[in-house]
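>>> below are the sequence and a predicted model; questions follow.
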Amino acid sequence: MNIERERVGRERMARSRPSSNRWRYINPAYYLKRPKRLALLFITFVCITLLVWDRQTLIREHEEEVSKVNEEVIRLQNLLEELKGGQGISDEKRSSSAKNSGLTKRKDVPDDPIDVQRGERVKDAMAHAWSSYEKYAWGHDELQPQTKNGVDSFGGLGATLIDSLDTLYIMGLDEQFLRAREWVANSLDFNKNYDASVFETTIRVVGGLLSAYDLSGDKVFLEKAKDMADRLLPAWDTPSGIPYNIINLAHGNAHNPGWTGGDSILADSGTEQLEFIAISQRTGDPKYQKKVENVIAKLNETFPSDGLLPIYINPHRGTTSYSTITFGAMGDSFYEYLLKVWIQGNKTAAVKHYREMWETSMEGLLSLVRRTTPSSFAYLCEKSGSSLIDKMDELACFAPGMIALGSSGYGPDEAQKFLSLAEELAWTCYNFYQSTPTKLAGENYFFNAGQDMSVGTSWNILRPETVESLFYLWRLTGNKTYQEWGWNIFQAFEKNSRTESGYVGLKDVTTGVKDNMMQSFFLAETLKYLYLLFSPSSVIPLDEWVFNTEAHPLKIVSRNDEKENFGASDGQRKPTLRSHARKEGRFGDN
């Protein structure tokens, strides 16, 4: 009996041992005696926890992204429905569009800390120039910093204020922009008994207002731009359609300056196309575009085989007069706009003839290229009859940027040829600055055998052309050398032109003697191009915007069907433009 009990007991113990062994693994004492197993258990626990947490985070982020995409799809569908219904998009929705599709920095490209620092320095310069204008010249055309007063160089149109609108917007100087906007809305009056330059008023006032509209979506800017364009239109009422270059803003009486012998000026007559085409696109009224495109059509009737036009044109016959051929003063921006109207129209068939005319002019430009001795600086001559003049304006330093911008429209070999020429000319223009004691360029330069370059007219009035070309070359090549050159030029402005009450030009770049004028284009062009030189390429991208000759960016709108562009009534544009906000997520990542 006892033996049987012992056997049964042993069997029970044998059956219960495995269960006892399993439970021991949850006993803390088991692991305290085995530290290696304790460490392994801890590591396993941490890994599982991290895996679960990371998966939950990814799911959460994915759900957020999907939600944002769905919201954007719904918003775009609503906009599309409005467009199909022929409705204009409200200001509120334009603002929302700007916020959701703003000019933000590409997150996959880290900011260069040096670029950021330099951009802030340029922004500080703009803030200093603007605050000085606000304090001493508010509402006037330009500031005289030395005497701390405003002057009306353009008839009292607030030229500096309007010229600065888009620069303030792009740099994110929001409070300053809003104060300027209120002045435009409440105080800007164009009904002035003043004989205005059609060219200067178009590029500064009409261009500045249109750019502010395209950037902000605020209709007050478009309304003011249209008002001014209407006042300028009678200048095109000539037998040939070539406009007179001066017009009275109140009475509409147009004429040419006496010193031209009654002729119109090439650049003054062929540098309104971007702005007036944009006015037609944004208002739906074709009359503005027709006026300025008739000019190009007239010039194209007798366009020379080398594409080079003298600077004087008879407004009655539409033919050129014997005069200088130049890419400098009075000729320059005509060639610029042949290229840029093609870009503005998104390079479609409707604007192909602009590109063809420009390419013809570039063949003519090649015939004006000469190189110095001993350093082989490339430069652009001027031409009088069959004679070449070894002189180049600093104004002609826009050409490297223009050539670089247009080079991509050629085949590979031609594109490289023109890009290389652009880089050579930019090196020359940079040396216009480096060759003087102040490191600021004179107004023009002469080239003589055995002498690379010498200053002709020795003043500097804060011009932007060289910096403009450096901006384009930086954007198109990515070569940081152009940023370094631009930074050197900016430092020279800071050293020689900055005063306690703004910026001034120099009467003589060899002595550094200051003048008493802060040109409006210093804020509109020079500082803007310098700022963009140190900004990501997503800020005013060149495939979405085109700059007028006063550096005012205008939206690119495809031109395929004239009915599509002009089928809408005033205020209902087709296609509707999408506003772009500034960098740093001000209106994009909120």
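Arrived safely, thanks for sending. Residues are numbered from 1 along each chain as shown.

>>> any low-confidence regions in the stretch 101-250 of the chain?
Applying pLDDT under 70 to the stretch 101-250 of the chain flags the ranges 101-110.

>>> and for the nearest residue to residue 408 once chain neighbours are set aside, the neighbour number?
By the measure of Cβ to Cβ, 6 or more residues apart in numbering, the closest residue to residue 408 outside its immediate chain neighbours is residue 415, 6.1 Å from it. Where C-beta positions appear, they are placed from N, C-alpha and C, glycine not excepted. Neighbours of residue 415 under the rule other Cβ atoms under 10 Å: 15.

>>> so residue 415 lies in a helix, does it not?
Yes: per DSSP: H, G, I helix; E, B strand; the rest coil, residue 415 lies within a helix segment.

>>> I'd say it and residue 407 touch.
Yes: the criterion here is Cβ atoms under 8 Å, and residue 415 meets it with residue 407 at 4.6 Å.

>>> contacting residues for residue 455?
By Cβ atoms under 8 Å, 6 or more residues apart in numbering, the residues touching residue 455 are 435-436, 442, 444-445, 509-510.

>>> I'd like the distance from stretch 402-415 to the chain centre, please.
Relative to its chain's centre, stretch 402-415 lies at 20 Å (Cα atoms, centre = their mean, to the nearest Å).

>>> what mean pLDDT would you report for it?
Stretch 402-415 carries an average pLDDT of 97.

>>> so how far does that stretch reach from one end to the other?
In stretch 402-415, first residue to last residue: 13 Å (Cα to Cα, to the nearest Å).

>>> can you pull out the low-pLDDT segments for the protein?
Using pLDDT under 70, the chain drops low at 1-34, 37-38, 41, 49-110, 561-590.

>>> now with 50?
14-20, 82-108, 563-590 (pLDDT under 50).

>>> returning to that earlier point: show me the contacts of residue 455 that map onto strands.
Counting by DSSP state E, those place 444-445 in strands.

>>> what's the farthest-apart pair in the contacts of residue 455?
Across the contacts of residue 455, the longest distance by Cβ to Cβ is 14.1 Å; it joins 444 and 510.

>>> more neighbours, these two?
The residue with more neighbours, out of residue 444 and residue 510, is residue 444; 20 against 13, by other Cβ under 10 Å.

>>> show me what that one is bridged to.
Residue 444 has these beta-bridge partners by DSSP bridges: residue 393.

>>> surely it is in contact with residue 397?
No: counting by Cβ under 8 Å, residue 444 sits too far from residue 397 to count as a contact (10.4 Å).

>>> residue 404 reaches residue 421, doesn't it?
No: using Cβ under 8 Å as the test, residue 404 is too far from residue 421 to be in contact (9.0 Å).

>>> could you tell me which residues touch both of those two?
Residues touching both residue 404 and residue 421 (Cβ under 8 Å, 6+ apart): none.

>>> tell me which of the two has more neighbours.
Under the criterion of other Cβ under 10 Å, the comparison of residue 404 against residue 421 puts residue 404 first, with 26 against 20.

>>> in which helix or strand would I find that one?
Assigning secondary structure by DSSP states H and E places residue 404 in helix 399-407.

>>> now do that helix: which elements does it pack against?
Of the remaining helices and strands, those touching helix 399-407 by 3 or more Cβ pairs under 8 Å, 6 or more residues apart in numbering; DSSP states H and E are helix 332-344, helix 352-366, helix 412-434, helix 465-477.

>>> same thing but at 6 Å, please
Using 3 or more Cβ pairs under 6 Å, 6 or more residues apart in numbering; DSSP states H and E, the elements in contact with helix 399-407 are helix 412-434, helix 465-477.

>>> ok, which of those comes nearest residue 122?
Per Cβ to Cβ, nearest to residue 122 of the helices and strands packed on helix 399-407: helix 465-477, 10.4 Å.

>>> give me the helices and strands touching that closest one, please.
For helix 465-477, the packing partners by 3+ Cβ pairs under 6 Å, 6+ apart come out as helix 399-407, helix 412-434, helix 481-496, helix 527-533.

>>> just the helices in the stretch 101-250 of the chain please.
113-137, 159-171, 174-186, 198-201, 207-216, 219-232 (DSSP state H, counting those that start in this stretch).

>>> in JSON lines, list those helices along with mean neighbour count.
Shown next, in JSON lines, are those (neighbours: other Cβ atoms under 10 Å):
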{"stretch": "helix 113-137", "mean neighbour count": "18"}
{"stretch": "helix 159-171", "mean neighbour count": "27"}
{"stretch": "helix 174-186", "mean neighbour count": "15"}
{"stretch": "helix 198-201", "mean neighbour count": "23"}
{"stretch": "helix 207-216", "mean neighbour count": "27"}
{"stretch": "helix 219-232", "mean neighbour count": "21"}
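
>>> can you redo the ones you listed as JSON lines with distance to residue 274?
Converted to JSON lines, the helices of the stretch 101-250 of the chain look like this (distance: least, Cβ to Cβ, whole Å):
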{"stretch": "helix 113-137", "distance to residue 274": "24"}
{"stretch": "helix 159-171", "distance to residue 274": "14"}
{"stretch": "helix 174-186", "distance to residue 274": "21"}
{"stretch": "helix 198-201", "distance to residue 274": "12"}
{"stretch": "helix 207-216", "distance to residue 274": "7"}
{"stretch": "helix 219-232", "distance to residue 274": "12"}
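
>>> residue 536 is nearest to which of the ones you listed?
Evaluated over the helices of the stretch 101-250 of the chain, closeness to residue 536 peaks at helix 113-137, with 8.3 Å, by Cβ to Cβ.

>>> tilt between that closest one and helix 159-171?
Angle, helix 113-137 to helix 159-171, by axes from the mean of the first three to the mean of the last three Cα atoms, to 10 degrees: 150 degrees.

>>> so what's residue 214 closest to, chain neighbours aside?
Of all residues not flanking residue 214 in the chain, residue 555 sits nearest, at 4.7 Å (Cβ to Cβ, 6+ apart).

>>> so residue 209 makes contact with residue 224?
Yes: here residue 209 reaches residue 224: they are 5.1 Å apart, a contact under Cβ atoms under 6 Å.

>>> how close does residue 264 sit to residue 348?
Separation of residue 264 from residue 348 (Cβ to Cβ, to the nearest Å): 29 Å.

>>> these two: who's more crowded?
When neighbours are counted by other Cβ under 10 Å, residue 264 and residue 348 differ, and residue 264 comes out ahead with 29 against 12.

>>> next up, the contacts around residue 423.
The contact partners of residue 423, taken as Cβ atoms under 6 Å, 6 or more residues apart in numbering, number zero.

>>> equivalent analysis for residue 392, please.
Contact analysis of residue 392 by Cβ under 6 Å, 6+ apart lists 379-380, 445.

>>> what residues sit buried inside stretch 277-289?
Using 16 or more other Cβ atoms under 10 Å as the test for burial, stretch 277-289 gives 277-286, 288-289.

>>> oops, could you answer that again for stretch 433-448 instead?
For stretch 433-448, burial by neighbour count (16+ other Cβ under 10 Å) applies to 433, 435-436, 438-445, 447.
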